[in-house]
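Student: I'll drop the sequence and a predicted model, then ask my questions.
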Amino acid sequence: MYSSSIIKKSCLNLKSTLRQTINLSILDTHLLPQCQSINQFNQILSQMLLTGFIKDTFAASRLINLSTHSTFIPFHYSLQIFNILHNPNGFIWNTIMRSHLERQNSPHHSLYLYRLFLVSCNAFPDNYTYPILLRCCVARSSEFEGREIHCHVVKLGFDLDVYVRNTLMNLYAVCGNMVSARKVFDESPVLDSVSWNTILGGYVQMGDVKGAEFVYSRMPEQSTIASNSMIVIFGRTGCVARARQVFDEIQRKDMVSWSALVSCYEQNDMYEEALVLFVDMNANGIMVDEVVVVSAISACTHLSIIKAGMTIHALAVKTGIEAYVSLQNALIHLYSSCGRIMDAQKLFNDGFLLDQISWNSMISGYLRCGSIEDAKTLFYSMPEKDVVSWSAMISGYAQYERFSEAVALFHEMQLHGIRPDVTALVSVISACTHLAALDLGKWVHAYISKNKIQVNIILGTTLIDMYMKCGCVENALEVFYAMEQKGVSTWNALIIGLAMNGLIEKSLHMFADMKKSGTLPNEITFMGVLGACRHMGLVDEGRHYFSSMTVEHKIEPNVKHYGCMVDLLGRAGFLKEAEELIESMPMAPDVATWGALLGACRKHQNNEMGERVGRKLIQLQPDHDGFHVLLSNIYASKGNWGDVLEIRGIMAQHGVVKTPGCSMIEANGVVHEFLAGDMTHPQKNDIERMLDVVAEKLKIEGYAPTTSEVSLDIDEEEKESALFRHSEKLAVAFGLIIIAPPTPIRIMKNLRICNDCHIVMKLISKAFDREIVVRDRHRFHHFKHGSCSCMDFW
DNA sequence: ATAGGGTTAG
């Protein structure tokens, strides 16, 4: 029998052997990385449990440290080991708290453990503990908890440790409290490079250029890191030249130095410079990573240079960084905004965890290339829609003239409680303009005022345009005068709008004001000015403005300007001069130019020229309905039914269908549509009766229908009845029923108002004492007391 | 006796 002391002794020997073996062979620092799998780890762990070696705090420390640093060991495993340890030392506590923060991203657990740590036996927080805890506070962005930790630091006497002080500084800086951060900095007995970088980084993050410059200028050594920070803050505050200067002065530029400058250019809309620098960076053999590549791609997107973008994409693939989400997003944005929707779609479909911007840029990409349905499908399948998604979709509808859908979506957006941004507002107002939905337009305007939304140039101009095109000149002027900043487009909307509403003198006056204000007129402005002259037949003024374009403003007239002049001259009866002007044009006259001349021939009954021009036009654009109709009208007015039939034949041959006249009228927020001869309206009986009343009253006023323009070879009575069912007459009858005076009856027509309807509207305005506003495809007619604002010239 | 901690930037 062995005595117990011998057993004890041999056990001790065994233990020490084991300890040495295991300690040296497995737990030694240099051999630790050899543990490569959970199996190997389990072997070590079970050996230690079996031998009781686990109770050795030093060995346990190594083990815990190993486990928390190995990705193949789940964190809860480490936690279990921690829980069976009897007396974890400070090192173990620190390790497990750090692991909670870094691996679990649960800083609150670390802070909770700290409380247990404080009351545990045989272990005390040390100077390593506090940087961890302070990082936890940063992760929770809790300055309050940070202050508490700061108190402990001071009480326990660790506040002279430079690591602790640097972390404290960082905490205050991240929480935006630069005063406290600066206090810690200023009161530090020892400052190392990290201290300087930290305080500098704080100012950079706050966007405090002065603070950053102050720190930078006083640094004992302006490291690359610090210079990089300066490039960043100069870039963010628009000081591009200074950023460049700092960059040039860096002795040893690293990847971030280059990258920061690329991004500085990119953020300041200097996309060419950004790309040049990116190329330069490559030429200098600097490594690139996903961040700088994203900047470069974004520059390509802004410049719409798809080729460079694709080259960079290839570079990214070669570098092996193509899987980064930020890069995927940037590429999707690039491809979708450059019209390569298929490439974008592929990336999008393969993409994983793509951000909101990708969804939005796919939607705008689809819309850009006209795939509205795809955009719509994507829009409705999005997990989350933000204002940008809604705005993109609404403006897409508006751009493709799907105005009622734009308005409907705007309403839907309201129901979802999304506050519209300026883009959405602009789109919906423009939709209102086209739908003549004045009520909604006014509502949107009120919404803008109520919510104090800044009316920028675009929004203001859109509002002016809307009011002008709805015939509300006063409201338009009000918007105009209230605008702080005005652009060319603003003046243009005003000039064109006034002219359109018959206020020619005022329109030309505004043009003079515009010149006085120093805003340079452009091609559109002259469309408005010449248009104004045209509306009133101001031939001399028109000639003057036309020649002033080249002489005074250095603007070459385009086809449209010529067309306008031809129209002006032609209408005034200067047919010969008009035709000569066409022949003198430096560019090929377009269909509209000839069309203007044809219209003039019709008006001045120059049938010889009319037929010549008409035939030419039909050849030029065989599928245009208007010219056939005009020409056929010329024949019809002469009773030349044979030629009328021939034109009809040509029309049938080319499948030309006369665009049906269509008038819209808004009543109580609902837009009603009437087609010529269309009697499908639910209130058709009332309308029918009202038409009879109108006919009665007009007869008293001495009205006789102008049937000569009806080019149908039918008898007079039928002609009269067809004439009396023109869409604008149906609309006005409906308006007389449903809109109570003194509200004007507002009608919008797709074609130009015909002569007969114009007469009828004047008579109605007198006989019923109503104000009627008709907007045809050209301009406005304000009927009041039997006369029209166009003075019968249109 | 011993291991471990902090900052910044595109």
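Tutor: Cool, got the structure.

Student: Counting neighbours, what do you get for the closest residue to A:Met651 other than its chain neighbours?
Tutor: Distances taken as Cβ to Cβ, 6 or more residues apart in numbering place A:His628 nearest to A:Met651, at 4.9 Å, with adjacent residues excluded. For the C-beta atoms, the positions are set from N, CA and C on the backbone; glycine is no exception. Using other Cβ atoms under 10 Å, A:His628 has 23 other residues around it.

Student: do A:Asn65 as well
Tutor: 21.

Student: right, and it touches A:Ile96 too?
Tutor: No: using Cβ atoms under 8 Å, A:Asn65 is not in contact with A:Ile96; the gap is 9.8 Å.

Student: Following the strand or helix carrying the residue nearest to A:Met651 in sequence, what is the next regular element?
Tutor: Using DSSP states H and E, the element containing A:His628 is helix A:625-637. Downstream of helix A:625-637, the next assigned helix or strand under DSSP H and E is helix A:641-653.

Student: Tell me the gap between that following helix and the middle of its chain.
Tutor: What separates the centre of helix A:641-653 from the centre of its chain is 50 Å, taken as Cα atoms, centre = their mean, to the nearest Å.

Student: Would you mind pulling up the elements that it packs against?
Tutor: Judged by 3 or more Cβ pairs under 8 Å, 6 or more residues apart in numbering; DSSP states H and E, helix A:641-653 is in contact with helix A:625-637.

Student: buried sites along the helix it packs on?
Tutor: Residues A:625-636 are the ones in helix A:625-637 that count as buried (16 or more other Cβ atoms under 10 Å).

Student: what does stretch A:375-385 give?
Tutor: A:375-376, A:378-379, A:385.

Student: and these as TSV, adding secondary structure?
Tutor: Shown next, in TSV, are the buried residues of stretch A:375-385 (DSSP: H, G, I helix; E, B strand; the rest coil):
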residue	secondary structure
A:Ala375	helix
A:Lys376	helix
A:Leu378	helix
A:Phe379	helix
A:Lys385	coil
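
Student: And the residues you listed, which is closest to DNA strand B?
Tutor: Distances from DNA strand B to these, taken as Cβ to the nearest atom of the strand, are shortest for A:Lys385 (28.6 Å).

Student: Look up the pLDDT of that closest one for me, please.
Tutor: In this model, A:Lys385 is scored at 92, pLDDT.

Student: quick one: it and A:Phe379 touch, right?
Tutor: Yes: between A:Lys385 and A:Phe379 a contact is recorded at 7.1 Å, counting by Cβ under 8 Å.

Student: okay, A:Glu552: pLDDT?
Tutor: 89.

Student: do A:Lys684 as well
Tutor: Per-residue pLDDT puts A:Lys684 at 81.

Student: got it, and the one 10 residues further on?
Tutor: According to the model's per-residue confidence, A:Val694 sits at a pLDDT of 77.

Student: Just give me how far the helix or strand it falls within sits from the chain centre.
Tutor: Per DSSP H and E: A:Val694 is located in helix A:684-700. Computed by Cα atoms, centre = their mean, the separation of helix A:684-700 from the middle of its chain amounts to 50 Å.

Student: What of stretch A:225-232?
Tutor: 32 Å.

Student: Give the buried residues for stretch A:748-764.
Tutor: Per 16+ other Cβ under 10 Å, stretch A:748-764 contains these buried residues: A:748-749, A:751-754, A:756-764.

Student: Please list the residues of the stretch 351-500 of chain A that sit near DNA strand B.
Tutor: By the rule Cβ under 7 Å from any atom of the strand, no part of the stretch 351-500 of chain A lies against DNA strand B.

Student: Can you classify the residue of the stretch 351-500 of chain A found nearest DNA strand B as helix, strand or coil?
Tutor: Using Cβ to the nearest atom of the strand, A:Ile357 is the residue of the stretch 351-500 of chain A that sits closest to DNA strand B, at 16.7 Å. Applying three-state DSSP to A:Ile357 yields a three-state assignment of helix.

Student: What about the closest residue to it other than its chain neighbours, how many residues nearby?
Tutor: Spatial nearest neighbour of A:Ile357, excluding adjacent residues (Cβ to Cβ, 6+ apart): A:Asn329 at 5.7 Å. Residues within reach of A:Asn329, counting by other Cβ under 10 Å, total 24.

Student: Quick check: which element contains A:Asn329?
Tutor: For A:Asn329, the element it lies in under DSSP H and E is helix A:325-337.

Student: Run the contact check for that helix versus DNA strand B.
Tutor: No: against DNA strand B, helix A:325-337 shows no contacts by Cβ under 7 Å from any atom of the strand, the least distance being 11.1 Å.

Student: Please identify the buried residues of that helix?
Tutor: By neighbour count on 16+ other Cβ under 10 Å, the buried set for helix A:325-337 is A:327-337.

Student: Adding pLDDT, write those residues out as CSV.
Tutor: CSV is the format used below for these (pLDDT from 0 to 100):
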residue, pLDDT
A:Leu327, 93
A:Gln328, 93
A:Asn329, 92
A:Ala330, 94
A:Leu331, 95
A:Ile332, 95
A:His333, 94
A:Leu334, 95
A:Tyr335, 95
A:Ser336, 93
A:Ser337, 90
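
Student: In this structure A:Val760 contacts A:Tyr703, no?
Tutor: Yes: at 7.0 Å, A:Val760 and A:Tyr703 qualify as touching, with contact defined as Cβ under 8 Å.

Student: where along the stretch 1-150 of chain A do the strands fall?
Tutor: Counting by DSSP state E, counting those that start in this stretch, the stretch 1-150 of chain A has no strands to list.

Student: Flag every residue of it that's near DNA strand B.
Tutor: Counting by Cβ under 7 Å from any atom of the strand, the stretch 1-150 of chain A sits next to DNA strand B at A:29, A:57-58, A:61-62, A:65, A:89-91, A:94, A:98, A:126-132, A:135, A:138.

Student: Give me the buried entries from those.
Tutor: The neighbour count (16+ other Cβ under 10 Å) marks A:57, A:61-62, A:65, A:89-91, A:94, A:98, A:127-132, A:135, A:138 as buried among these.
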